[in-house]
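Enquirer: Kindly return the folded structure for what I paste below:
(one chain, ligands or ions: 1)
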Amino acid sequence: MLVPLALRLVPPALPTPGEAAPAWRKLSLQGWGRLGRAPCQAARPERLRDLRAVVLADVGRNLVPHGAGRSYGDAALNGGGAAVLTTRLDRMLGFDATTGVLVAEPGVSFADIIRTFLPRGWLPPTPPGTAFATLGGAVAHDVHGKNQHLAGCFGHHVEWLDLMLADGSTRRLSPSEDAAAFHATLGGLGLTGVVTALALRLLPVPSNALLVRRQRIAGLDAFLEAFGAARQASWAVGWIDALAGGAALGRGILEVAEPAPQHLPPPPEAQRNLPFDAPGCLLNRFSVRAFNAAYWRRVPAAGDAQPMHYGRFLFPLDGIGQWNRLYGRRGFHQFQCVLPEAEAPRGLRLLLEAVGQAGAASFLAVLKWMGRDGAGLLSFARPGFTLALDIPARAGAGALLRRLERLTLDHGGRVYLAKDSTLSPAGMAAMYPRLAEFQAIRARLDPGGRFSSDMSRRLGLG
Ligand SMILES: Cc1cc2nc3c(=O)[nH]c(=O)nc-3n(C[C@H](O)[C@H](O)[C@H](O)COP(=O)(O)OP(=O)(O)OC[C@H]3O[C@@H](n4cnc5c(N)ncnc54)[C@H](O)[C@@H]3O)c2cc1C
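Expert: You can find the predicted model right below:
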C-alpha cells in the first residue's frame, strides 16, 4: 500500500490569469568538468503547473532539463537557449514499505533518498559515484553503480515514469504503457521531455554498512582475473594507477563489498569545499604519480577488510565539495568507455598506454565490470569492462581523446555520454546501434524539437 509522504501529484494546470509564472534569469551553466560556460535563460519551477508554464514559454529557441549538473560534459547545457532547473521539484510523494517502491519527483537526489530511507533499511538500487545526482539525471543517463554486474542499471528498477512533453501534456510511461517511449526516455538525455515523477524500487539492506575487502592487484591481466573471481560479489570496483607503466600497467586496488550486519555512524554531511581553483601546475605527471603510488601502497600487501558506511564506499569523492576545482580553471574531461569482455584485455591495455604516452595526469582511474545491457535505447551499459579516466584540459587533450575514441571503436566499445564532451557524430552513430530507433521515437514525442542540448546538437541527434 502506497503511503503518502507529502503532497500527491495533481494533474498539471495552466497558470490562471494573474498567477505569477516562474521567473527566468540569465545563467551561465557548466558541466562538472568545467570545460566552458553555456549562457542561457533558466527557470527553476517549484510545482508541476509552473513547470508546464516553463515548457510552454516562448523563451529560448529550445529547452534542456538540468538536474544537479553532475554530468561532466554538455548533456545538460544549452548555450543560447533555455534550461529548466529541476532541483526544486524534489518531493517524495509516496512509499510502499512492503514492496520498497518510492514515488518521487525528479529533483530528489540519491543523497535525499539515503538520508530518509537508509535508516529504514532501503537503498537506491544503482547509486552512481556521486549522491548529488538527481533522479531525473539518473533516468536520462540510465546510470549504473558498483553493482551493475548483478543489479543492472537505474532503468531496470523504474516501474513507471511521468513525462511532460513539449505541448505541456504529461504521459505515464512504463514497460506496458508506451514501452517504446519508456525505453527512449531511459538514457534519453532529456531529449524526449521532462520527467516529472517516477516509481523506483529501492533495494532492501540489513544495515547501513558494508564489509569492504581490499586487495592490491599487480597489473591489468591480474585485475581482469580478479574481477572474474568476484562475479558474485554484491559490489565491486577497481581503482587503477593510470600512470603506472611497463609490467605495472593497470596495477591498482580491487574493492569488493557485502552487506554487513552492524550499523555505523553516517559520514558527516557538511562538506569541506575546495575554496579555490588549484593552479594548473599542481597536477602534473610527477605529483599524480606520487599520489597514485601512495594510494596503492595504502592497502597492505596481504589486503584488508573493514566495515564501512554505504556513503563512504559508494561516494568517496562527495566529502570534498567542488573537488572538480582541483583541475584548475581550464577544467578537465572525463573519458569513460565500456569494452566487450573478449576485447577488454587488449583494448584496455592500449587505452592505458595511450594515456601514459600522452603524459595525461589522470588521478586514479576506475575499472568496473558490467554484466547486463542497460534498460534504454541509448543506454551506455553493456556486458564487459568499463574504464573511466580524468584528462586535464591542456594542450594535447583533444588529440588524446580522439585516439581514445578510435581505440574504443576498434574494440567494439562505446563512450559514456554522461561523461563525454568530445565524441564525434560518426563515433556516436557507430557506438549506439539503436540511435535511429531513438530518433524516430523522439520525433514522435517532440516533433517541433523543443528539447535540445549542446550535446544533442554536437552529436547530431536530431
Ligand atoms: C563524481 C561523479 C561520479 C559519477 N559516477 C557515476 C557512476 O558511477 N555511474 C554513472 O552512471 N554515472 C556517474 N556519474 C554521472 C552522473 O551520475 C550522471 O551524469 C547523472 O546524470 C547526473 O545527474 P544530475 O542530476 O546531475 O543531472 P544533470 O547532469 O543535470 O543532467 C544529466 C542529464 O539528465 C537530463 N535531465 C535532468 N533532469 C531531467 C528530468 N527531470 N527529465 C528529463 N531529463 C533530465 C539532462 O537534460 C541531462 O541530459 C558520476 C558523476 C560524478 C560527478
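
Enquirer: so after the lowest-mean-pLDDT helix or strand in the chain, what's the next helix or strand?
Expert: Sorting the helices and strands of the chain by mean pLDDT, DSSP states H and E puts strand 3-4 at the bottom, at a mean of 48. Downstream of strand 3-4, the next assigned helix or strand under DSSP states H and E is strand 24-29.

Enquirer: That following strand vs the ligand: in contact?
Expert: No. Strand 24-29 lies out of reach of the ligand by Cβ under 6 Å from any ligand atom, never closer than 8.7 Å. All C-beta spots, glycine's among them, are computed from the backbone N, C-alpha and C.

Enquirer: Phi, psi for Leu202 please.
Expert: phi -80, psi 160 (degrees, to the nearest 10).

Enquirer: Next to the ligand, which bits of the stretch 51-200 of the chain? Give me the list.
Expert: Counting by Cβ under 6 Å from any ligand atom, the stretch 51-200 of the chain sits next to the ligand at 64-71, 75-76, 86, 106, 128-130, 133-134, 136-138, 140-141, 143-145, 189-190, 194-195.

Enquirer: Please tell me I have it right and Gly107 contacts Asp90.
Expert: Yes. In this structure, Gly107 is within contact of Asp90 by Cβ atoms under 8 Å, at 3.8 Å.

Enquirer: what about those two, which has more around it?
Expert: In terms of neighbours (other Cβ atoms under 10 Å), Gly107 is the more surrounded of Gly107 and Asp90; the figures are 23 against 17.

Enquirer: Enumerate every residue touching that one.
Expert: By Cβ atoms under 8 Å, 6 or more residues apart in numbering, the contact list for Gly107 reads 67, 86-90, 134-136.

Enquirer: Secondary structure, distance to Trp160 and pLDDT added to those, as a markdown table?
Expert: Below are the contacts of Gly107 laid out as a markdown table (DSSP: H, G, I helix; E, B strand; the rest coil; distance: Cβ to Cβ, whole Å; pLDDT from 0 to 100):
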| residue | secondary structure | distance to Trp160 | pLDDT |
| --- | --- | --- | --- |
| Gly67 | coil | 19 | 98 |
| Thr86 | coil | 18 | 98 |
| Thr87 | coil | 22 | 97 |
| Arg88 | coil | 23 | 97 |
| Leu89 | coil | 17 | 98 |
| Asp90 | coil | 19 | 98 |
| Thr134 | strand | 18 | 98 |
| Leu135 | helix | 13 | 98 |
| Gly136 | helix | 15 | 98 |
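
Enquirer: Would you check which pair of these lies furthest apart?
Expert: Greatest spatial distance among the contacts of Gly107 (Cβ to Cβ): Arg88 and Leu135, at 13.6 Å.

Enquirer: more neighbours, the two?
Expert: More crowded of Arg88 and Leu135, by other Cβ under 10 Å: Leu135, with 30 against 15.

Enquirer: re the thing from before, show me whatever sits in contact with both of Gly107 and Asp90.
Expert: In contact with both Gly107 and Asp90: Thr134, using Cβ under 8 Å, 6+ apart.

Enquirer: What about the closest residue to Val205 other than its chain neighbours, how many residues nearby?
Expert: Leaving aside its sequence neighbours, Val205 sits nearest to Leu123 (Cβ to Cβ, 6 or more residues apart in numbering; 4.9 Å). Using other Cβ under 10 Å, Leu123 has 22 other residues around it.

Enquirer: can you give me phi and psi for Leu123?
Expert: Torsion angles, degrees, to the nearest 10, at Leu123: phi -130, psi 150.

Enquirer: Quick check: chain neighbours aside, which residue is closest to Ala138?
Expert: Per Cβ to Cβ, 6+ apart, closest to Ala138 is Phe154, 4.6 Å.

Enquirer: Quick check: the one you found touching Ala140?
Expert: No. If you go by Cβ under 8 Å, Phe154 and Ala140 don't touch, sitting 9.7 Å apart.

Enquirer: Can you name the residues that contact the residue of the stretch 301-450 of the chain found nearest the ligand?
Expert: For the stretch 301-450 of the chain, the residue closest to the ligand is Ala418, as judged by Cβ to the nearest ligand atom, at 3.6 Å. By Cβ under 8 Å, 6+ apart, the contact list for Ala418 reads 71-72, 75, 141, 143, 336, 380.

Enquirer: May I ask which of those residues has the most neighbours?
Expert: Neighbour max across the contacts of Ala418 (other Cβ under 10 Å) = His141, 31 neighbours.
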